[in-house]
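Colleague: Here is my input; please provide its structure:
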Amino acid sequence: MRKIRFNKVSKYFFFNLLIIFLIFFLLEFTLRLSYKITKNKVFETQFQTELRYKKNYEFQLLKKKNNLKIAIFGGSTAAGFATPYSFQEVIKSLSPVDVEVHNFAAPADPFVNYQSKLIELYGDNFDIILIYAGHNEVLTHLYDKSKKLQKPVILENRTPVNYFRAEKDLQKRIKLFSNEMTFIQNIQFYLRYKLVLANLARRLNKKLSTFKNSKTTYDPAFNFFYNYTVLNDKDKINVTMNFKNEILRLSKIYENKKFIISTVLSNNLYPPLYDLTKKNLTKINQATGKLYNDYKKEFNLDDKTRNLLKNTAHLQFMDQINCINQSDIHGCLHHGIGSRKKEKLFYRSLPQINEVISNQLDKEKNIYVVDSAFILKNKMRNIKEHNIYHDYFTDYQHLSTQGQIIVVNEFMKKIFDDNINIQILEDDKCGKIKLKRKSKILTLNDKKSYLNSLEINLNWLNNASQKSRSKIGFDYHINKALKSFKRCK
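Modeller: Numbers count the residues shown, from 1 in each chain. Purely as a prediction, here's the structure:
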């Protein structure tokens, strides 16, 4: 009797399981078909979402014997974040020889301990290693602190920074690149990254979390000044030296490889996030806020205000803006660079890292330096208009197509040991661009990718602007992206 009852329960259970599976299968099939027909990002898998944001989880080296193999390492800019085209497309298409280019760069990846690990593991597969990195090095430092404490580091605006997720993601990429995933891990990866339903569930959960957090009212913006910060000048020295030493270490491991590293372009016309002071916080924050709020084309800096802000990142930034009114951007960028050296939370690359790249690393026999930052600075001779400078960027650190061309142009000159420049033959500012290098011509025409990059750029700008008390720079790039979206749609 019990056996008969057990058989009935088993049949009932497996029948219901089969029904659930069929419903799940039909839903997944419908969603995948919807994506194939509409290409709407609502119906994409997480793997497709990550690719849109320029994070790649696949690496397969083509086993050609005679072609030139090039690898790119860095953060979001090197990955092509918020632009429709990336370094590897241009290099591969305009190369005078047969090349294979793989881009390991990933958004939010620091170089030290993250991208450097990928070079150590996979660098031997390539002839040339291109490095465009520096903006995310603050994260290496914060992740190290978080790991030592075994808890998140809390920034001054109450934002938590935790090493765990970043480290887990890196290990996942390494296992995928190296084909070291176990059967269970492959199933888990497929369920999470290759199913549309899983991505819909993830997005729904994110929206619910955002809604829940929105009820907790607190200002996400950093103040202009603090009496104490989680980062200090000693930390900056450590970050710079760690970057330098990691490049040198890797160049010794692969002495027969050609390392090409570029200085990093940062937008100096954005104000610093915050600085450190021993003065009365209320007084100095109110005075600084008034200066930014009253700003039109110049900052009104009387002797009393200058004394209050003496030796601070904000004063140097304001001096840069006022200097441009009297001179040009080229002659005044040293103020902006000085401001970035002083700011305590450096989301832009530390100027000290560029100094190490341009003045020290090129002394090594297999390290070749390209100074892209110097080239942009020289383009600003006799230029006063902020917009002309801003147009090389999409925000305070990411490059526009115009900015990307500067870097990739210098990379290609070093790769092929020539002095040939990339010419922009056509650019309709809506995704169609025509480039020429010697006899090679590359025509890129992808309006959809361009609109997608604008949307990603706008989301990034809106999130980043919430953390800044001043909207200088943000307003220009947000308005430009909105106008471009409207014009090109």
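Colleague: Tell me who's in contact with the residue nearest to Glu255 when sequence neighbours are not counted.
Modeller: Residue nearest to Glu255 in three dimensions, not counting chain neighbours: Asn366, with 6.0 Å by CB to CB, 6 or more residues apart in numbering. To be clear about C-beta, it is placed using only N, CA and C from the backbone, and glycine gets the same treatment. Neighbouring residues of Asn366 by CB atoms under 8 Å, 6 or more residues apart in numbering: Ser251, Tyr254, Glu255, Asn256, Lys257, Lys258, Phe259.
Colleague: And Asn366, how close does it get to Ser93?
Modeller: 27 Å (CB to CB, to the nearest Å).
Colleague: now Arg306
Modeller: From Arg306 to Ser93 the distance is 52 Å (CB to CB).
Colleague: Check Phe393 too.
Modeller: Phe393 is 24 Å from Ser93, by CB to CB.
Colleague: What's the per-residue pLDDT of the residue nearest the centre of the chain here?
Modeller: Residue closest to the average C-alpha location in the chain (CA atoms, centre = their mean): Ser76, at 2.7 Å. Reported pLDDT at Ser76 in the predicted model: 94.
Colleague: Quickly note the distance from it to Ile237.
Modeller: 25 Å.
Colleague: Please spell out which residues along stretch 442-450 are buried.
Modeller: Leu442, Leu444, Ser449, Tyr450 (16 or more other CB atoms under 10 Å).
Colleague: Find out how far that stretch is from the centre of the chain, if you would.
Modeller: Stretch 442-450 has its C-alpha centroid displaced from the chain centroid by 21 Å (CA atoms, centre = their mean, to the nearest Å).
Colleague: With stretch 354-373 instead?
Modeller: Centre to centre, stretch against its chain (CA atoms, centre = their mean), the figure for stretch 354-373 is 21 Å.
Colleague: For that stretch, give the mean pLDDT please.
Modeller: 94.
Colleague: Just the buried residues of that stretch, please?
Modeller: Buried, per 16+ other CB under 10 Å, within stretch 354-373: Asn354, Val356, Ile357, Ser358, Leu361, Ile367, Tyr368, Val369, Val370, Asp371, Ser372, Ala373.
Colleague: Put together JSON lines for those, with secondary structure and distance to Asp294 on each row.
Modeller: Shown next, in JSON lines, are the buried residues of stretch 354-373 (DSSP: H, G, I helix; E, B strand; the rest coil; distance: CB to CB, whole Å):
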{"residue": "Asn354", "secondary structure": "helix", "distance to Asp294": "32"}
{"residue": "Val356", "secondary structure": "helix", "distance to Asp294": "38"}
{"residue": "Ile357", "secondary structure": "helix", "distance to Asp294": "38"}
{"residue": "Ser358", "secondary structure": "helix", "distance to Asp294": "37"}
{"residue": "Leu361", "secondary structure": "helix", "distance to Asp294": "43"}
{"residue": "Ile367", "secondary structure": "strand", "distance to Asp294": "47"}
{"residue": "Tyr368", "secondary structure": "strand", "distance to Asp294": "47"}
{"residue": "Val369", "secondary structure": "strand", "distance to Asp294": "42"}
{"residue": "Val370", "secondary structure": "strand", "distance to Asp294": "41"}
{"residue": "Asp371", "secondary structure": "coil", "distance to Asp294": "37"}
{"residue": "Ser372", "secondary structure": "helix", "distance to Asp294": "35"}
{"residue": "Ala373", "secondary structure": "helix", "distance to Asp294": "31"}
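Colleague: Max pairwise distance over those residues: which two?
Modeller: Using CB to CB, the pair of those lying farthest apart is Ile367 and Ala373, separated by 16.9 Å.
Colleague: Could you give the number of residues near the closest residue in space to Glu58 that isn't next to it in sequence?
Modeller: Of all residues not flanking Glu58 in the chain, Leu176 sits nearest, at 7.0 Å (CB to CB, 6+ apart). Per other CB atoms under 10 Å, the neighbour tally for Leu176 reads 18.
Colleague: After the helix or strand containing Leu176, which helix or strand is next? Please name it.
Modeller: Here Leu176 sits within helix 163-177, counting by DSSP states H and E. For helix 163-177, the following helix or strand on the C-terminal side (DSSP H and E) is helix 183-193.
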